[in-house]
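Trainee: any chance you can model this:
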Amino acid sequence: MVFRAFVKAADALTVGIPGGPRGYQVLAAAAREDASSQSVLAQRLGIDRTVMTYLLDDLVQAGLVERRPDPADRRSRRVVLTSSGRAVLADLEQRLRHAEDHILADLPRAEQDTLRRLLRQLADRINARDPVANVCQVVEDLHDAGERHTRRSPRQ
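Mentor: Numbering: from 1, shown residues only. Sure thing, here's the model as predicted:
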């Protein structure tokens, strides 16, 4: 239920961003990765390289990122946020924090912090034990499974 609420909020908040939540992931990763190549970003985010190419084309067209030649390897392109991309990312991150705070509002602040910490620890341990090749596909599969479950057993 918590995951579904967060996915629903993320979908709504990323409307208008090329690729929606996946586009947000690319913007956030590009900001953290200090101009990684598109192939490195694709691998780290678990996005098929062909899909990444099209997604980056859309983000470039929207003026959110640029592809720049890598000085160390002319065949490689680095993905760099534009000033507009940084502004959009900052706004999205603030709105996602507000959405997360809203979803967790029924818990006291200390319990919210504990939940976030435990979820980070669990995610890190699971990923270390069994790295996910395609994170985006896992999220889509979980979302679809949740939708199927909701249709089968509606709650009052």
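Trainee: quick one, strands of this protein?
Mentor: 65-70, 73-81 (DSSP state E).
Trainee: in terms of mean pLDDT, which of these ranks lowest?
Mentor: In terms of average pLDDT, strand 73-81 trails the rest of the strands of the chain, at a mean of 86.
Trainee: could you list the buried residues of that one?
Mentor: 76-79, 81 (16 or more other Cβ atoms under 10 Å). Bear in mind the C-beta positions are built from the backbone N, C-alpha and C, glycine included.
Trainee: now swap in stretch 11-23 and tell me
Mentor: 13-14, 17-19, 21-23.
Trainee: quick one: residues in contact with that stretch.
Mentor: Residues external to stretch 11-23 that are found in contact with it (Cβ atoms under 8 Å, 6 or more residues apart in numbering): 7, 10, 24, 26-27, 45, 47, 55, 58-59, 61-62, 64, 88, 92, 95-96, 99, 136, 139.
Trainee: repeat the analysis, applying 7 Å as the threshold.
Mentor: 10, 24, 26, 47, 55, 58-59, 62, 88, 92, 95-96, 99, 136 (Cβ atoms under 7 Å, 6 or more residues apart in numbering).
Trainee: contacts only, for R49.
Mentor: So, once contact is read as Cβ under 7 Å, 6+ apart, R49 ends up touching 39, 42.
Trainee: before we move on, the earlier item: would you list the buried residues of stretch 11-23 in JSON lines and tack on distance to S39?
Mentor: Supplementary listing: the buried residues of stretch 11-23 in JSON lines, determined by distance: Cβ to Cβ, whole Å:
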{"residue": "L13", "distance to S39": "28"}
{"residue": "T14", "distance to S39": "24"}
{"residue": "I17", "distance to S39": "22"}
{"residue": "P18", "distance to S39": "19"}
{"residue": "G19", "distance to S39": "17"}
{"residue": "P21", "distance to S39": "21"}
{"residue": "R22", "distance to S39": "16"}
{"residue": "G23", "distance to S39": "18"}
